[in-house]
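Colleague: Pasting the sequence and the predicted coordinates here, then a few questions.
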Amino acid sequence: MHPIIKVIIPAYNEQDSIAKVVNDIPKIVDEIIVINNNSTDNTAINAKNAGANVLHENRKGYGYACLKGMDYIENQETKPEIVVFLDGDYSDYPEQLIALTAPIIEDNIDFVLGARVKEQREHGAMTPQQIFGNWLATSLMKLFFGAAFTDLGPFRAIKYEKLMALKMEDKTYGWTVEMQLKALKQKFTYLEIPVKYRNRIGVSKVSGTIKGAIFAGIKILTWIFKYSFK
């Protein structure tokens, strides 16, 4: 029997990409949940027309949107075995969800991260500040925790019960690093899978702005140092 898989997609003004993301998600997924994060365009209607269940979170922030999706799942009668997080900008390749969930299904791994390796990354898909930020964050995690992470990529799969055990709390830019740090602290089994990565549709709300890049960097470093000295 195949495990129940649900996908959470935070989306802010992704009207041109969200249907592509939803349509490319493999049929093994039981439910696609798009969180419309205070969009001012047709993100919500385009996601719904593509077949996703659309929730609305008016508090802007990646973490707020993810927490909204988790709360929705928590209140469902039937819980999934696996939750996958995926961005709504079509930079990830949703069809790789099968490869991302396979280690959980076949080898009982707790947490699988899609690593945006240089060899499979489209030119320009990651900004210099993203590349440097990833290197710095993962280097610090290696230094403090002996971690083997090489990326903070948004495309990730985790056992539902393990996700709930993390007690996620970050509301904005620190969501991805918080998950990885807490997984390390709780000694989850984890694995990185190399994934393809292309130029997103539209402009990034984080790395595409100086303000977004600075705040993301501060949030990521804050989480790392907070957990390093706990």
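Modeller: On my side now, so go ahead. Numbering: from 1, shown residues only.
Colleague: what are the ranges of the helices in this structure?
Modeller: Counting by DSSP state H, the chain has helices at residues 18-24, 43-49, 62-74, 97-107, 128-145, 160-165, 175-185, 210-228.
Colleague: looking at those helices, which is buried most?
Modeller: Across the helices of the chain, averaging neighbours per residue (mean count of other C-beta atoms under 10 Å) puts helix 175-185 on top, at a mean of 23. C-beta: built from backbone N, CA, C; applies to glycine.
Colleague: model confidence over that one, on average?
Modeller: Computed over helix 175-185, the mean pLDDT rounds to 94.
Colleague: Same question for stretch 21-34.
Modeller: Here the average pLDDT along stretch 21-34 is 98.
Colleague: Run the chain-centre distance for it.
Modeller: 14 Å (C-alpha atoms, centre = their mean, to the nearest Å).
Colleague: The helices of the chain into a markdown table, with extra columns for distance to G88?
Modeller: Below are the helices of the chain laid out as a markdown table (distance: least, C-beta to C-beta, whole Å):
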| stretch | distance to G88 |
| --- | --- |
| helix 18-24 | 5 |
| helix 43-49 | 7 |
| helix 62-74 | 9 |
| helix 97-107 | 14 |
| helix 128-145 | 17 |
| helix 160-165 | 19 |
| helix 175-185 | 14 |
| helix 210-228 | 16 |
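Colleague: For L191, which of the ones you listed is the nearest?
Modeller: helix 97-107 (5.1 Å; C-beta to C-beta).
Colleague: can I have the closest one written out in CSV, keeping just the CAs?
Modeller: Coordinates of each C-alpha in helix 97-107 appear next as CSV, following Å, rounded to 0.1, in the frame of the first residue of the first chain:
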residue,chain,number,x,y,z
LEU,A,97,9.1,14.4,-6.0
ILE,A,98,9.2,10.6,-6.6
ALA,A,99,13.0,10.6,-6.2
LEU,A,100,12.7,12.8,-3.1
THR,A,101,10.1,10.5,-1.3
ALA,A,102,11.7,7.2,-2.3
PRO,A,103,14.3,7.1,0.5
ILE,A,104,11.5,7.6,3.0
ILE,A,105,9.3,4.9,1.5
GLU,A,106,12.0,2.4,0.8
ASP,A,107,14.7,3.0,3.4
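Colleague: What helices and strands are in contact with that helix?
Modeller: Packing partners of helix 97-107 (3 or more C-beta pairs under 8 Å, 6 or more residues apart in numbering; DSSP states H and E): strand 5-11, strand 82-85, strand 111-115, strand 156-159, strand 190-194.
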